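S.K.: Could you look at this predicted model? Sequence included:
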Amino acid sequence: RVDIPRKVQAMQIGLALRDEIADLEGAGCQVIQVDEPALREAMPLRPAARDDYLTWTVDSFRLATAGAKSSTQIHTHMCYCEFEDCMDAIDRLDTDVNSIENARSDDATLKAFQDIGYGKGLGPGTYDIHSPVVPPTDFISTKIKSFLACMQKEHLFINPDCGLKTRGWPETIDALRNMVAATKAIRAEIAVTNY
């Protein structure tokens, strides 16, 4: 709509999502993903307008999630993007876990989070879901080890790069099986018992 400012629309969407989160909690969900806040995609080109934009976008996201129970784990996902100029805003989202595109960035996205001292849960993508190639278990194990070199194991969440809607069932199931096998092998290797 052009008759309502984007800031107001974002707050209205935040309130709608807040109701949805409450409904999901009422149905027993303990882990809820509020997907892709898209901070970067609509960021103003003029630097002078960015601080205000990032403030209200983060505020609208937090409006959506602030009503969640403290026992509910809030996740978000951020897709292929260069985040360096909005990392502080991402940190202010106050999610429990942020899953990020990482497979095609040579860990650049992960390093951007490391550079700001991100201390929450982070799920850097272990493989590129846009490729039909099923990643072997040893490939995923190598990726997980590279993540552990950059972050504490307590903050690491294992996931593919993004949603799996672009893939067929056979390759999706095989890739996820390999990811789970790699995760179990690394957990055994580093003696993680409480998962």
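M.R.: The structure has been received and is ready for your questions.

S.K.: which stretches of this structure have low pLDDT?
M.R.: 80, 192-195 (pLDDT under 70).

S.K.: which stretches of it form strands?
M.R.: 31-33, 73-78, 97-100, 121-124 (DSSP state E).

S.K.: which ones are touching residue 164?
M.R.: 129, 172, 176 (Cβ atoms under 8 Å, 6 or more residues apart in numbering). From N, CA and C alone the C-beta is placed, and that goes for glycine too.

S.K.: top of those by neighbour count?
M.R.: Ranked by neighbour count (other Cβ atoms under 10 Å), these have residue 129 at the top, with 22 neighbours.

S.K.: Any figure for the gap between that one and residue 77?
M.R.: 12 Å (Cβ to Cβ, to the nearest Å).

S.K.: Find the residues that touch each one of these two.
M.R.: Here residue 129 and residue 77 have residue 162 as joint contacts, going by Cβ under 8 Å, 6+ apart.

S.K.: pretty sure residue 58 is touching residue 93, no?
M.R.: Yes: Residue 58 sits in contact with residue 93 when judged by Cβ atoms under 8 Å, with a separation of 6.0 Å.

S.K.: on that earlier part again, of all the contacts of residue 164, which comes closest to residue 9?
M.R.: residue 129 (30.0 Å; Cβ to Cβ).

S.K.: quick one: that closest one and residue 168 touch, right?
M.R.: No: Residue 129 lies out of contact with residue 168 (Cβ under 8 Å); the separation is 11.6 Å.
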